[in-house]
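Engineer: Let's see this in three dimensions:
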Amino acid sequence: MARLLLIVSRAEPARYAYLRHVFGSETVDVIFDRRLGERRQRQELRGTERRRGYRRHQYVSHDLKASGWALVRR
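Structural biologist: As a prediction, the model looks like this:
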């Protein structure tokens, strides 16, 4: 069964409580966004880039800013 992660903006504690009450279950985890910013500061690339791609999904940041929450499949 697919597990879902509902991420709520830290600026929305009332929305977090509501969404956790309504949607929180064994298949849906409701959490606050814990990100503080980019983990790595972009610098000039030295040598070969080891990561295969950008792991952070841009739509999550956009959804959090636009609506205060984002839904992600785990």
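Engineer: Flag the shaky bits of the protein, pLDDT-wise.
Structural biologist: 1-2, 37-58 (pLDDT under 70).
Engineer: ok, which stretches of it are helices?
Structural biologist: For the chain, helices defined by DSSP state H occupy the ranges 13-23, 58-67.
Engineer: residues near Ile31, how many?
Structural biologist: When neighbours are counted by other CB atoms under 10 Å, Ile31 registers 12. Placement of C-beta: from N, CA and C, glycine included.
Engineer: ok, now which ones touch it?
Structural biologist: Neighbouring residues of Ile31 by CB atoms under 8 Å, 6 or more residues apart in numbering: 5-8.
Engineer: Which one (most neighbours) among those?
Structural biologist: In the contacts of Ile31, the most neighbours by other CB under 10 Å go to Val8, 23 neighbours.
Engineer: any idea how far the closest residue to that one other than its chain neighbours lies from Val30?
Structural biologist: In this structure, Val8 finds its nearest non-sequential neighbour in Tyr16, 4.2 Å apart by CB to CB, 6 or more residues apart in numbering. Distance of Tyr16 to Val30, computed by CB to CB, to the nearest Å: 7 Å.
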